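**Q** curious how this folds, go ahead:
(one chain, ligands or ions: 2)
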Amino acid sequence: MGLLRKNCPHCLGKLEPGQRIHPACIGGYADAQQAKKARAEAKKAKTAKKTERAETKRRKEALKKISELEADCRKIVQEIARIRDRHDGCISCHMGPNYDGAWHGSHYRAHGACSSLQLHLWNIHKSCAQCNLFKGGNIAEYRPRLVEKIGADRVEWLDNQPKSQKFSREYLYRFKDVMGRRLRRMRKSAK
Ligand SMILES: [Zn+2]
Ligand SMILES: [Zn+2]
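**A** Ligands and ions are numbered 1, 2, ... in the order given. So this is what the prediction gives:
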């Protein structure tokens, strides 16, 4: 005994006794089954590709030096600072927010000279490229404006931080993850 069906698997209409599918529905049913299979395969391939990309990324991250991870993290906080300061002018000069050149996330205490503050947002403020690239951050101008912006206490705290600090791999991965997500949220809401 075959499978007893009352309804056509394709159009769901009623079948005659002994029929398993309407003869007119056979072609359409086969096509629909084929399309369903193709969709399932495409979905599987997409998932596999995504997994592969994640795995490649994970391996690439695992091979990075600490200095490279720090550079990745700095890039993230520098952009966060630029977005936070998007309505401000340059921290180190008179350049207003409408300046159409490049804006940087400028470290008050340079990251090369003070690694402990390289990722600290109090230490990073929006500045024009001129000040950051060609005037070494223009620190003589930076400091008084920073005092005005975040307060003398915080600037003093920055001044008193140790020069170097080692960040662990785990800290930097976590930082990239958490601050990367924060950055993506900020990018969206700043649009
Ligand atoms: Zn049918
Ligand atoms: Zn400037």
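**Q** and the next element down the chain from the lowest-mean-pLDDT helix or strand in the chain?
**A** Here the helix or strand of the chain ranked lowest by mean pLDDT, DSSP states H and E is helix 129, holding a mean of 91. Per DSSP states H and E, the first helix or strand lying C-terminal to helix 129 is helix 139-150.
**Q** what about the strands in the protein?
**A** For the chain, applying DSSP state E gives strands covering 103-107, 124-128.
**Q** buried deepest among those, which one?
**A** Among the strands of the chain, ranked by average contacts under mean count of other Cβ atoms under 10 Å, first place goes to strand 124-128 (a mean of 26). Where C-beta positions appear, they are placed from N, C-alpha and C, glycine not excepted.
**Q** which other helices and strands contact whichever helix or strand comes after it?
**A** Under the assignment DSSP H and E, the closest C-terminal helix or strand after strand 124-128 is helix 129. Applying 3 or more Cβ pairs under 8 Å, 6 or more residues apart in numbering; DSSP states H and E, we find helix 129 packed against no helix or strand.
**Q** rerun at 10 Å
**A** Here helix 129 is seen to pack against strand 103-107 when contacts are counted using 3 or more Cβ pairs under 10 Å, 6 or more residues apart in numbering; DSSP states H and E.
**Q** and the strand it packs on, which strands flank it?
**A** Strand pairing for strand 103-107, using DSSP bridges, gives strand 124-128 (antiparallel).
**Q** what is the distance between the strand it pairs with and the centre of its chain?
**A** Chain-centre distance of strand 124-128: 20 Å, with Cα atoms, centre = their mean, to the nearest Å.
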